[in-house]
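In: Could you look at this predicted model? Sequence included:
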Amino acid sequence: MRRRTFMAAAALAGIAAPAAAQAYPARPVRIVVPFGPGTATDTIARTVGAHVSMRTGQPVIIDNKPGAEGQIGAQAAASAAADGYTLFITTQTTQAINPHVYSSLPYDPVKSFTPVAGLSLGAQIVMVRNELPARSIAELIALARAKPGTLSFGSGNGSSRGGAELFKIMAKVDLLGVPYKSQPQAISDLLGGRIDIIFSDFVTGLPPVRDGRARGLAVTSRERLPGLADYPTIQESGVPDYEMWAWTGCYAPAGTPRPVVDRLNGLIRDAMASDAYLNLTRTSFGTPFPGTPEDLAAFQARETAKWQQIVEAAGMKEP
């Protein structure tokens, strides 16, 4: 009798998991973004969230928690219930760079999360304040070498800082780094003349370049970007082999049931095929990279190994 009861319970459990996934979501979903409103990650999260909400009929709430290079948001997402109702849309800042920069973190980039789906890959634009007498990467390098340690670059996330630090190494220049809570704050200070240089995503960086409030010098991709052909790459501007890409992915707290993760993966991949998302990636010069949870886990592992080398070479490690 006990054996039959156990087998019946096991069978019911096997049925319950897919049924729960089919019913998911049955209430509002929260997406934690570790950067401020108006950032590239925030824009992606809002676009994906709007589509998921439309498909499921449930509200999707964007919860911005900027600060500490994404650590505040990462900790909040990691400590949430593993039920699929809290998601974490983030970048290599929290998932691949921070573990090499900081001796301790309030979360584990691998153990604290379940990968759900990749979202986007995107290059950066190198921009300077209009008053800086540099109209090309070659002129920027010459100016930095003439005044070592005096030109400043701002960064509101690890991707932005990493792009500048990699440039410092490969161009053999000495620049002063200035950290910000969020990338839009760094952009604001560049426009106000308080810092000299920013390596920025296109969502926050391109508008002030296009309207003349800042000067764009180059892009960080290996080849020139369609639609931005007037901007050379850094490597063709005198820094051979330079290349920098930022990426965005979606995670859930560790322990989230696999049927729910699969349901989320399907919803997100559907969102990435929507006109709104494709238009966003086109206008922000990004590339969607959908895939399975395993694809994102493997990609994150490769990125973590790459960033370990960059952080060590650049001396980015914090005490």
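Out: In hand now; what should we look at? Numbering: from 1, shown residues only.
In: List the buried residues in stretch 269-278.
Out: 269, 271-272, 274, 277 (16 or more other Cβ atoms under 10 Å). For glycine as for every other residue, the C-beta is placed from the backbone atoms N, C-alpha and C.
In: now the strand of greatest length in the chain, how far from the chain's geometric center?
Out: When every strand of the chain is counted residue by residue (DSSP state E), the longest turns out to be strand 113-122. Relative to its parent chain, strand 113-122 has a centroid offset of 9 Å by Cα atoms, centre = their mean, to the nearest Å.
In: One more: stretch 143-153?
Out: 28 Å.
In: contacting residues around that stretch?
Out: Stretch 143-153 is contacted from outside by 132-134, 140, 164, 171-178, 195-199, using Cβ atoms under 8 Å, 6 or more residues apart in numbering.
In: what mean pLDDT would you report for it?
Out: Stretch 143-153 carries an average pLDDT of 96.
In: same check, this time on stretch 168-181
Out: Here the average pLDDT along stretch 168-181 is 94.
In: mind checking the end-to-end distance for it?
Out: Its first and final residues considered, stretch 168-181 spans 22 Å by Cα to Cα, to the nearest Å.
In: what comes up buried for it?
Out: Neighbour counts over stretch 168-181 (16+ other Cβ under 10 Å) mark 168, 170-171, 173, 175, 178, 180-181 as buried.
In: mind listing the strands for the stretch 51-200 of the chain?
Out: Along the stretch 51-200 of the chain, counting by DSSP state E, counting those that start in this stretch, strands occupy 60-64, 86-91, 113-122, 125-129, 152-155, 176-179, 197-200.
In: Give the pairing partners of the fourth one; include direction for each.
Out: Taking DSSP bridges as the criterion, strand 125-129 forms sheet pairs with strand 197-200 (antiparallel), strand 214-219 (antiparallel).
In: Distance from that strand to the middle of the chain?
Out: When distances are taken as Cα atoms, centre = their mean, strand 125-129 is centred 19 Å away from the chain's centroid.
In: The fifth one now?
Out: Once both centres are worked out by Cα atoms, centre = their mean, strand 152-155 turns out to sit 18 Å from its chain's centre.
In: Sheet partners, orientation included, of that strand?
Out: Short version: by DSSP bridges, strand 152-155 pairs with strand 176-179 (parallel), strand 197-200 (parallel).
In: mind giving me TSV with those and columns for distance to Leu191?
Out: Supplementary listing: the strands paired with strand 152-155 in TSV, determined by distance: least, Cβ to Cβ, whole Å:
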stretch	distance to Leu191
strand 176-179	14
strand 197-200	10
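In: do you know which of those strands lies nearest Ala26?
Out: strand 197-200 (39.3 Å; Cβ to Cβ).
In: C-alpha coordinates for the closest one, PDB please?
Out: Taking Å, rounded to 0.1, in the frame of the first residue of the first chain, the C-alpha atoms of strand 197-200 are listed here in PDB:
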ATOM      1  CA  ILE A 197      36.300  60.200 -22.600                       C
ATOM      2  CA  ILE A 198      33.600  57.500 -22.400                       C
ATOM      3  CA  PHE A 199      33.400  54.100 -23.900                       C
ATOM      4  CA  SER A 200      29.600  53.800 -24.200                       C
END
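In: same question for that strand, mean pLDDT?
Out: Rounded mean pLDDT across strand 197-200 is 97.
In: Count the residues that sit near the closest residue to Pro179 other than its chain neighbours.
Out: Leaving aside its sequence neighbours, Pro179 sits nearest to Ser155 (Cβ to Cβ, 6 or more residues apart in numbering; 6.2 Å). If you count neighbours by other Cβ atoms under 10 Å, Ser155 ends up with 25.
In: contacting residues around Ser155?
Out: Taking Cβ under 8 Å, 6+ apart as the test, what Ser155 contacts is 161, 164, 177-180, 183, 186, 198-199.
In: Tabulate the residues you listed in TSV, adding columns for distance to Arg215.
Out: What follows is the contacts of Ser155, written out as TSV (distance: Cβ to Cβ, whole Å):
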residue	distance to Arg215
Arg161	21
Ala164	16
Gly177	20
Val178	18
Pro179	23
Tyr180	20
Gln183	18
Ala186	16
Ile198	11
Phe199	14
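In: Identify, from these, the entry nearest to Glu303.
Out: Arg161 (15.2 Å).
In: Could you tell me how far the residue lying closest to the closest one once chain neighbours are set aside is located from Ser79?
Out: Nearest residue to Arg161, sequence neighbours excluded (Cβ to Cβ, 6+ apart): Ser155, at 3.7 Å. Ser155 is 26 Å from Ser79, where distance means Cβ to Cβ, to the nearest Å.
In: Show the subsequent helix or strand relative to the helix or strand of the chain with the lowest mean pLDDT.
Out: In the chain, no helix or strand scores lower on mean pLDDT, DSSP states H and E than helix 2-23, which sits at a mean of 49. Using DSSP states H and E, the helix or strand that follows helix 2-23 towards the C-terminus is strand 29-33.
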